[in-house]
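1. need coordinates for the following:
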Amino acid sequence: MNEPTDATGNRDRWLPSTGPARDAAFVAVVAFVALLLRIVNLSATPSGLHGDEAVTGLDAARILDGQQVFPYTAGALGQPSGFMYVVAPFVRVMGQTIEAVRLPSALLGTLTVVVAFYAVRELFGRPAAWIAAVLLAFSSWLLFYNRAGYPVTVMPLTEVASLLAVAVAVRTLRWYWAIVAGAVVGAGIYGYYSYPLFAVALGVYVVVVWLIERPAPLITFARQAAIIGGVALAVTYPMWPYLFSDERGYQHDRAGFTVAATPEYKAADSAGRVRIYRDQTLDVVRTLTYHGIDDSGDATGTIPALDPMSVTLGGAGIAFCVILAVRRRRAAYLLPLIVIPPLMVGPVMSISGTHRRALGVLPFVVIGASVLLAEAWEAARARHPGQREWATGALAVLLVAYGAVNTNRYFSDMMGSTLVSTIYAPALTEAIRAIEREPADTHVYWAADSWSAWYETVQYLSPRHSVEKGNLEDRSGQFSPDSPGLESFDRTRPTTVMLVGNYVGADNYMIERYPGSTHEYGPAIDGLPMYVIFRLPALP
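-> Purely as a prediction, here's the structure:
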């Protein structure tokens, strides 16, 4: 087995015999910390359950019921279904709960940190790998999605796994590693719909490796590239109809969410359209780097995706990588410049979902920062051999500060925002839990101003009471305007009425209109009860 190499291609001279063991110990510690950050109080942070998370759980439940979901699901505006198959076993074991859709995401996020370590070590050496693992473990941007049941959580993992597999295949020039790399690259398409942009960029990277490094023998390198590409295409074959479908797939499902679909864009001339895309690009950069823009799609944007340290170190590191690419003739240093621009196409062309659509950028910002810090650390150690501990201490202080800043950004700044509370709707979740405690044969009437009885979160968290089963009925004026509302109910059997949101204010009306009923107020939020549940006895 080849020893890991540093950024210049030389074998690591420090820790030559104990390096792998220390790597394993380091990875275990960082993975443990990353896992804790992702699972502590997971069901309550964020409080509530987003509708898109519920869609993930519903698709997982359909898989368990034997329904065909592979390779693409219509849920949440259309998604590759790979993540749903990961979630399915958790739903089987844990039931239709919040933990069942979030725990797989947390575990995959932890795995991302581990795989990223080995990918960066393969390309840039141990110091950069150690730093990259810490940066990803604590990243508030990654934490946000690793603690939610969204398919996008898979994107960074598929990227670093593909990068590692291709790097090994290119370095070893072994045909079986090319097969592995092709399979890993191809499988990524079943994770998140932005992945094809990365796969194309990865293909460009392989070409750049040939142009800059001229690996020999050329015929063997060409064979590796051909095997990787051929296997990847074969693995992606089931997804082809959805990539190009005009009725269902990547193009159709998001046609209404592109900048080109807005009235402003359609009414503009050529110069006006250029200005619209220019402004959109500036907005995307702003919400990712220095001034968040609220996004009601998933409650991101209250703060920028990247903290100031990541922006500064990542930007400087990417620029520094260009210099290193020229000096050392190593294509790996150009990865951020090769991959980031294509991945920005999605958020720039879309009118919402900036943070989630751009999440694939994160590993390459981290690569820039890691290479910069690793080079600075090694330079300080080389120039001042007697003060190596100071260089290590300074780096450790910087990483601790980074961890503290990002932990606070997620658990305080993000989770403390009004937007997160509004979008994740803890009142809705508590109301659903309350009706699920009612006997299964009880008919439940539902009245809420923001969520209907067939809203995905209600469907997922309330498997015992549902519109489909006939024991849950919507009486919301917004969603069921032709219903009697709260005026009358079937009293031939015990009846439960759930009031949520603004309907909580109808409690006095219910008390007066239905004497003999009992009622229970839910937990308070901002001084107001989350729900009121009324139980009406059957009339003789």
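2. the stretch 301-450 of the chain: helices as residue ranges?
-> Assigned by DSSP state H, counting those that start in this stretch, the stretch 301-450 of the chain shows helices spanning 308-328, 335-349, 354-357, 362-383, 388-408, 418-424, 426-436.
3. what's the closest of those to residue 36?
-> Ranking these by proximity to residue 36 (C-beta to C-beta) places helix 388-408 first, at 10.7 Å. For every residue, glycine as well, the C-beta is placed using N, CA and C.
4. who does the closest one touch, helix- and strand-wise?
-> Where contact means 3 or more C-beta pairs under 8 Å, 6 or more residues apart in numbering; DSSP states H and E, helix 388-408 is packed against helix 126-138, helix 140-146, helix 308-328, helix 362-383.
5. give the buried residues for that helix.
-> Of the residues in helix 388-408, those buried by neighbour count under the rule 16 or more other C-beta atoms under 10 Å are 391, 395, 398-399, 402-403, 405-406.
6. show residues contacting that helix.
-> Residues lying outside helix 388-408 but in contact with it, judged by C-beta atoms under 8 Å, 6 or more residues apart in numbering, are 37, 131, 134-135, 137-140, 143, 307, 309-310, 373, 377, 380-381, 384.
7. could you redo the last one with a cut-off of 6 Å?
-> Helix 388-408 has contacts (C-beta atoms under 6 Å, 6 or more residues apart in numbering) with 134, 138-140, 307, 309, 377, 380-381.
8. hmm, back to that, which one of the helices and strands packed on helix 388-408 lies nearest to residue 300?
-> Using C-beta to C-beta, the helices and strands packed on helix 388-408 put helix 140-146 closest to residue 300, at 6.7 Å.
9. starting at the chain centroid, how far to that closest one?
-> Remark: helix 140-146 is offset 7 Å from the chain centroid, using C-alpha atoms, centre = their mean, to the nearest Å.
10. tell me how far residue 125 lies from residue 314.
-> Residue 125 sits 19 Å away from residue 314, going by C-beta to C-beta, to the nearest Å.
11. pLDDT on whichever helix in the chain runs longest, on average?
-> Longest helix in the chain by number of residues (criterion: DSSP state H): helix 98-124. Averaging pLDDT along helix 98-124 gives 98.
12. swap in stretch 147-161?
-> pLDDT averaged over stretch 147-161 gives 98.
13. with stretch 301-316 instead?
-> For stretch 301-316, mean pLDDT rounds to 97.
14. how long is it end to end?
-> Using C-alpha to C-alpha, to the nearest Å, one end of stretch 301-316 lies 24 Å from the other.
15. C-terminal to the worst-scoring helix or strand of the chain on mean pLDDT, which secondary structure element comes first?
-> Every helix and strand of the chain was ranked by mean pLDDT, DSSP states H and E. The lowest is helix 250-253, at a mean of 81. Following helix 250-253 in sequence order, the next helix or strand is helix 263-267 (DSSP states H and E).
16. can you pull the buried residues of that following helix?
-> Of the residues in helix 263-267, residue 265 count as buried by neighbour count, 16+ other C-beta under 10 Å.
17. can you check what angle separates whichever helix or strand comes after it from helix 308-328?
-> Downstream of helix 263-267, the first helix or strand assigned by DSSP H and E is helix 270-289. Going by axes from the mean of the first three to the mean of the last three C-alpha atoms, to 10 degrees, helix 270-289 is angled at 110 degrees with respect to helix 308-328.
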